[in-house]
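> got a predicted structure here, sequence first:
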Amino acid sequence: MHLAWGEEEVTFHEELCAFLDEHTPPEFERGFDYAGEAGDTDESGEVVPAWARAWQATLFDHGWMIPAYPPELGGRNATLVQTLVYLEELARRRVLRSFHYPGYGIVSPSLLEFGNDEQKRLVPAAVRGDTIWCIGMSEPNAGSDLAGLQTRATRDGDRFIINGQKVWTSYAMVAQKCFVYVRTDPDAPKHKGISLLIVDMDTPGIEVRPLRHLSRAAHFAEVFFTDVEVPAENIVGEVNDGWRITQGSLAHERAGLWVEGVCRLDATVSGLIEVARRRGLDQDAAVRRDIATMYEQASSLRALGYKGFASFAQGSSAPEHSYMKMATSEIGKAACEYGMQLQGAYGLVADPERGEENGRWTNYFFMSFANTIAGGSSEIQRNIIAQRVLGLPRS
Ligand SMILES: Cc1cc2nc3c(=O)[nH]c(=O)nc-3n(C[C@H](O)[C@H](O)[C@H](O)COP(=O)(O)OP(=O)(O)OC[C@H]3O[C@@H](n4cnc5c(N)ncnc54)[C@H](O)[C@@H]3O)c2cc1C
């Protein structure tokens, strides 16, 4: 079967390629590929380097940051199918739109859906990357069970006072603003007493303590709130209605993840072929079979992704996305480990100065664990598949 885009998509794709050929920063040529979290491999060590900020602003100014948005929000009113064409082309070139996804990926769609007019005015800067946002959902005792969050916000006249702790807050050390999910009614059932507040990260009483990944990069942090005063008008939506917004935020996060997951997996498998060739293992029957199996898995996942996308485009929910999220991250992890195996003793060397290919396979193996946790762990995705796809009862 041959699948091809229509005329409109072809023209759209040509325009996109012309733009990318002209404007893509050279830094991407070093290849933020495989399991890649781009910021981890930036030489400057900055979480959001200056060139990446300039790139995001360029995308916005040319209407290529979120093509489905109108021009004033960094888009060009593209259709859903054109958005897919866009995401695939970026992923194929291993080019990231941004080094900090919360602002454009989670905050903006949530504010457009639930925010008041004042809050909606924060969207252009979030999409252009002029404001860096972080998301304060997880806590030491509330991750998969997000509704168990305990950070407390108490109303005091025209402000809320926040006390508590968040953890794994990506970009907290560089963010100007945070979406903080807080408990505003401790007596209500746990899903019903949660609210969402917009908090400026330089407010007195906020302490950010960076946490390091296995790969040594520090991309997330613990965030402590001690008597942090926030104007009452910073609430998004209604008091105690924050759970509804969390569901929107997570859906926005997952909707585009599968394309990146599949393209990343394709790139990982191509990388395995290169390693096998370089190490003279490309004629080894067992290696050929293993890599062919991963290639087959990546191709099937792409086909399944298209199927889910078709339902999503027609307005139905796409539980396939849960499977895609779980499968692309788990197979990606296995593929990175296989890359280390193919490298023999070099597979144990993470130091970019001494390892083969800058220690890439080892470091990406470390990072690949994060992909199986962030945005909902594999076990949670399996629960969703069991209940919503297979119709099994809750355990
Ligand atoms: C790279 C990265 C970036 C992140 N960025 C952010 C961020 O910006 N903001 C933020 O708020 N959070 C962030 N997180 C946190 C992330 O959302 C949580 O780690 C995730 O939801 C899991 O929660 P937890 O770590 O508390 O693990 P837990 O929920 O404590 O789970 C521990 C283990 O138990 C399993 N488990 C839990 N419940 C079940 C169940 N019902 N059935 C079967 N197994 C179960 C889990 O799968 C996991 O293996 C990030 C995480 C990572 C890895």
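Everything's here; your move.

> helix/strand/coil for Ala78?
With DSSP: H, G, I helix; E, B strand; the rest coil as the basis, Ala78 sits in coil.

> that one: neighbour count?
By the measure other CB atoms under 10 Å, the count of residues near Ala78 is 21. In this view, the C-beta of every residue, glycine as well, is placed from N, C-alpha and C.

> against the ligand, how distant is it?
Distance, Ala78 to the ligand, by CB to the nearest ligand atom, to the nearest Å: 27 Å.

> which bits of the stretch 201-350 of the chain sit near the ligand?
Selection of the stretch 201-350 of the chain residues close to the ligand by CB under 6 Å from any ligand atom yields Phe220.

> which stretches of the stretch 201-350 of the chain have low pLDDT?
Applying pLDDT under 70 to the stretch 201-350 of the chain flags residues 215-216, 248-257, 312-318.

> identify the residues contacting the closest residue to the ligand within it.
Closest contact between the stretch 201-350 of the chain and the ligand, by CB to the nearest ligand atom, is at Phe220 (5.3 Å). Contact analysis of Phe220 by CB atoms under 8 Å, 6 or more residues apart in numbering lists 168-172, 210-211, 213.

> what's across from it in the sheet?
With DSSP bridges as the criterion, Phe220 is bridged to Ser170, Leu211.

> also the one 4 residues further on?
When bridges are assigned using DSSP bridges, the partners listed for Phe224 are Gln165, Glu207.

> tell me if I'm right that it and Thr169 touch.
No: in this structure, Phe224 is not within contact of Thr169 by CB atoms under 8 Å, at 10.6 Å.

> between those two, which one's more packed in?
Using other CB under 10 Å as the criterion, Phe224 and Thr169 rank with Thr169 on top: 27 against 17.

> mind listing what that one touches?
134-136, 138, 178, 208, 220-223.

> related to what we said a few turns ago, quick check: of the contacts of Phe220, which lies closest to Arg394?
Among the contacts of Phe220, Trp168 lies closest to Arg394 (CB to CB), at 26.0 Å.

> and the closest one, helix, strand or coil?
What three-state DSSP gives for Trp168 is strand.

> and for it, the neighbour number?
Neighbours around Trp168, by other CB under 10 Å: 21.

> now it: how far from the ligand?
Counting by CB to the nearest ligand atom, the gap between Trp168 and the ligand amounts to 4 Å.

> shared neighbours, Phe224 and Thr169?
Residues touching both Phe224 and Thr169 (CB under 8 Å, 6+ apart): Val208.

> look up how far Pro231 lies from the residue of the stretch 201-350 of the chain closest to the ligand.
Going from Phe220 to Pro231 by CB to CB, to the nearest Å gives 27 Å.

> just to be sure, Val228 is in a helix?
No: looking at Val228 with three-state DSSP, it is strand, so not inside a helix.

> tally of neighbours for the closest residue to Gly261 other than its chain neighbours?
Among residues not flanking Gly261 along the chain, Thr328 sits closest, at 3.1 Å (CB to CB, 6 or more residues apart in numbering). Other residues near Thr328 come to 28 when the count uses other CB under 10 Å.

> for the strand or helix carrying Thr328, buried residues please.
If you go by DSSP states H and E, Thr328 is part of helix 320-342. Across helix 320-342, burial judged by 16 or more other CB atoms under 10 Å covers 320-333, 335-336, 338-340, 342.

> quick check: bridge partners of Lys177?
Counting by DSSP bridges, Lys177 is bridged to Trp133, Asp200.

> residue contacts, it?
Applying CB under 8 Å, 6+ apart to Lys177 gives the contacts 107, 122, 131-134, 198-201.

> swap the cut-off to 10 Å and go again
Neighbour list for Lys177: 102-103, 107, 122, 125-126, 131-134, 198-202, 234 [criterion: CB atoms under 10 Å, 6 or more residues apart in numbering].

> try Phe365
Phe365 neighbours (CB under 10 Å, 6+ apart): 34-35, 214-215, 332-340, 347, 350.

> for it, which non-adjacent residue is spatially closest?
Excluding the flanking residues, the one nearest Phe365 by CB to CB, 6+ apart is Cys336, at 4.0 Å.

> equivalent analysis for Trp64, please.
Distance criterion CB to CB, 6+ apart; nearest residue to Trp64, sequence neighbours excluded, is Phe19 at 6.0 Å.

> repeat for Lys192
Distance criterion CB to CB, 6+ apart; nearest residue to Lys192, sequence neighbours excluded, is Asn240 at 5.9 Å.

> which SS state does the one you found fall under?
Under the three-state scheme (three-state DSSP), Asn240 adopts coil.

> was I right about it contacting Arg155?
No: in this structure, Asn240 is not within contact of Arg155 by CB atoms under 10 Å, at 11.2 Å.

> quick one: Pro109 and the ligand, what's the gap?
16 Å.
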